[in-house]
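In: Here is the input, now give the coordinates:
(chains A and B)
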Amino acid sequence: MHTTHTPEAVATAAIECHGIRMSFGGIPVLKGISLVLEPGTVTALAGENGAGKSTLMKIASGQYKPDEGTVEVRSEHLHAGDIQAAHRLGVAIVPQELASIPEMTVYENLFVGRELRSPVGLLNRRAMMRQAREFLKPFGLEIDPAARMGSLPVGIRQIIEIVKATSRGAKVLLLDEPTSAIAEQEVERLYSVVRSLRDQGVAMLFTTHKMEEIRAMADRVIVLRDGNLVEDKPLDQLSDDDIVEAMIGRELEDMFPEIGVPKDEVALTVQDLVIGHGTEPVSFSVRRGEILGLAGLVGAGRTELMESIFGMRHPAAGSVAVGGRKVALGNPAAAIASKIALVPEDRKGAGAVLSMSVLDNASLPRIKSFSNAGWINNRKRSGSIGDIMKSMNLKSRGLGQSMETLSGGNQQKVVFGRWLTGPVDVLLLDEPTRGVDVGARSEIYRIIVDLAEQGMAVVMASSDMPEILSLSHRALVMRGLTVAGELSKTELLESSAQDKIFRLASGLEASTKKETENNDD
Amino acid sequence: MTTDRSTMLEPSPGGTATKDPTRRFSWQWLQGFAVRHAMVVVMLFVVAFFLYKSARFGTLENMTTILIAAAPFALIALGQTLVILTGGIDLSVGSVIAASAMAAAYVAKASDGNLLLTVLVAVLVGLAAGAINGFVVSRMNVPPFIATLGMLTLASGVAYVIGGGAPINGLPANFGAIANTEVLGLKIPVLLMILAIVGLAIIMKRTSYGMRVYAVGGNRLAAEIAGVKSKRVLFSVYTISGVLAGVSGLMLASRVISGAPNLGQGYELDAIAAVVIGGASLMGGRGTIWGTAIGLLLIQTLNNGLDLLIVPSYWQDVIKGVLIVLAVAIDVWAAKRRTS
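Out: This is a model prediction of the structure:
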């Protein structure tokens, strides 16, 4: 089918999608999407997980063939499934999961598939290295092209992926969740790369559900919801609330529920715990019903602290006690027996077994309580897990659904809920809402607050500042594998809290440890 | 994928997803079945072909022959399935067969036909080999491929050492009774095969142990965070594989009433082929006991049918090689259809 457009549109559009419809297994994912990207613009494609963003990206980049509709790049039809043709037309996608080859060097990654050769046909490594350096220079990347890709931070690798695409002449760049995997201090660098590409006339489309990212990068915002395009406006005509409401399709109630009052009884005591190669030991305690926030930059030791408490790594020294009873260290099974539960940061890598069903995932930690002498009692198991998942408002086709086909938010609910079939005194949450969409996010906050109210001690590491400020009774700021400072609830409510946390986390402000701790020395 | 179109949540017993109901035996149902059980369909085609070509193929006698030939392979393929489900591989099973066969023959001869002792030694040899594999893989973190490759050579060496480089013949007559006695109308190896298939299928589907094997293979880190002692699980699958290889070696030696140090050579590859044809992923976490049983029967049916058609044995290998790859290609294609 042919669509007619005005001559100007033909002349200016970098890529045009018309009436894209797509369904998987009979379920419509995209219900007639049209969009036009112009050169030198940055468009945010916002929407919750499952709204159809990634599918649209894959269609626009020619990886998927839509059921209906066309993709045209500078008025030339883009045939699906032909990656070479997409390259030739200058359409490139930088996927969410990094596509770089970690065992190869930076320049090898840049040139793989179009290697430079000497006249006799051997690899011309010197020329590749020189060109690689030239490609990287405009983006302010002073890295050795011969460095192994895997040795670089994820954020840098991502930028190299972008450089790889544009160095091959990409005029349309599709970025799928560009900041989902990278550390805060690297995000700024990504923003500047995107801006400089815009100045070079590249048309960019990025998927996101983070408001700050939209504000920092986009000129225009497109919002998808349930496969429909529900908003398409220049950024300056939209408020944050407009965007969020378009994404979740309802008025944004207060994201954060009110937190309860902690009880007096101490649930978790961490005493002189030395994490990894840290020099300063960590000591703190958490009461029942209390939510302790853990702030800090990536690498500050938040994850390491949680993993040490949970027995995934053996601390060099120190002790952990739950309800006054010491927990055997270095043994997750012992930690679980002591009623500690962990929801890890890396859901796909450490939280869930994606190849297994919801039911199996949810019953894995407490499988013994559902079995007699090793035989699984399936009625008991599905009943109990079913109840929990219902209370967590899990959206699935049933407990038999495979984990990998759930959205991020729903996966997280399973990883969360699976602990709740048994007693938990201490709940360790590592980035509980990473990769979780706005709607599911507020549900997860609700769950956290409810669990604390039931008497659990919650430790929550988060890079999301509002989460730390609004959800915790108290917050520790970590730096260099130890605690750099502590903020009370009153301090968290002050307007300077965010700044204070940042200064502590980055070392701009000296550690407050000495002042707050009187049992030192 | 969008899931919010239906917020229903029904705890379905057995944990199978309830999909849109299609009428049984309709064309759609048949298509769905073919895609879900591609290998069963391939198997039916192979059987139909041999039935058409050979009058003897369909006889009860021939079916029994197929099962008897399949039994020793079945045991090692089942053990291999568990190992592959954890993302590992056991290359040593063929050699462990030889070592246990030689040990059994040696003991039978030396003890003048003490069957209990003979069986015990054969099982212990398998157990020891498997436990060493399990220890080296789970505790010393040696990649399974290397650890079991070492065991392949070691066990083969042991087999030759036991016989001083020669086969052990002239065994007491009752040694042959182990594999040739009939219980409930089935020879012991066939009975063991059926018991092992049914037993392991139930264990993998219905016990917490089975679930932990899948979990460790699917995502070891996540399994550990959920409190699964992954090292124990790894140790156990190699040990089970070793024991089953030991039993397999005993059956093979008993069937011919002699021990040969080259018995079982190369069997590990047929076992791996059966598992992979059965739809298991070499990355771990995916695969079923039933799948392996089908894969195994497919290979054995091919062996038998091609023999009946008097296809020269070298050509049999060529045909088998092509069919193995073709079968898996069909399965991969069907798997793709399944997910989309």
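
In: okay, CA-based contacts and neighbour counts for the rest of this
Out: OK.

In: now check the lowest-mean-pLDDT helix or strand in chain B, is it near chain A?
Out: The helix or strand of chain B with the lowest confidence, counting by mean pLDDT, DSSP states H and E, is helix B:27-36 at a mean of 74. No: Helix B:27-36 does not reach chain A (Cα under 8 Å from any Cα of the partner chain); its nearest approach is 12.2 Å.

In: now for that helix, which elements pack on it?
Out: helix B:313-339 (3 or more Cα pairs under 8 Å, 6 or more residues apart in numbering or on different chains; DSSP states H and E).

In: buried set for the helix it packs on?
Out: By neighbour count on 16 or more other Cα atoms under 10 Å in any protein chain shown, the buried set for helix B:313-339 is B:316, B:320, B:323, B:324, B:327, B:328, B:330, B:331, B:334, B:335.

In: What is the helix or strand following the least confident helix or strand of chain B packed up against?
Out: Sequence-wise, the next helix or strand downstream of helix B:27-36 (DSSP states H and E) is helix B:38-53. Where contact means 3+ Cα pairs under 8 Å, 6+ apart, helix B:38-53 is packed against helix B:289-308, helix B:313-339.

In: Flag whichever of those has the least confidence on average.
Out: Per-segment mean pLDDT for these reaches its minimum on helix B:313-339, at a mean of 80.

In: where's that helix relative to the chain centroid, distance-wise?
Out: 18 Å (Cα atoms, centre = their mean, to the nearest Å).

In: That helix vs helix B:289-308, what angle?
Out: 150 degrees (axes from the mean of the first three to the mean of the last three Cα atoms, to 10 degrees).

In: Next, the angle from helix B:313-339 to helix B:38-53.
Out: Using the same axes, to 10 degrees: helix B:313-339 against helix B:38-53 is 140 degrees.

In: which secondary structure elements does helix B:313-339 contact?
Out: The contact analysis (3+ Cα pairs under 8 Å, 6+ apart) places helix B:313-339 against helix B:27-36, helix B:38-53, helix B:267-277, helix B:289-308.

In: between those, which one is nearest to residue B:63?
Out: Residue B:63 lies closest to helix B:289-308 among these, at 9.0 Å (Cα to Cα).

In: is chain A contacted by that closest one?
Out: No: Helix B:289-308 does not reach chain A (Cα under 8 Å from any Cα); its nearest approach is 15.9 Å.

In: CA atoms only for that helix, dumped as CSV, please.
Out: In CSV, the C-alpha atoms belonging to helix B:289-308 read as follows (Å, rounded to 0.1, in the frame of the first residue of the first chain):
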residue,chain,number,x,y,z
ILE,B,289,13.2,-37.0,30.3
TRP,B,290,10.5,-37.8,27.8
GLY,B,291,12.3,-35.9,25.2
THR,B,292,15.4,-37.9,25.7
ALA,B,293,13.4,-41.1,25.6
ILE,B,294,12.0,-40.1,22.2
GLY,B,295,15.4,-39.1,21.0
LEU,B,296,16.8,-42.4,22.1
LEU,B,297,14.1,-44.4,20.5
LEU,B,298,14.5,-42.4,17.3
ILE,B,299,18.2,-43.3,17.1
GLN,B,300,17.6,-47.0,18.0
THR,B,301,14.8,-47.3,15.5
LEU,B,302,17.0,-45.9,12.8
ASN,B,303,19.8,-48.4,13.7
ASN,B,304,17.3,-51.3,13.6
GLY,B,305,15.4,-50.2,10.5
LEU,B,306,18.5,-49.6,8.5
ASP,B,307,19.9,-53.0,9.5
LEU,B,308,16.7,-54.6,8.3
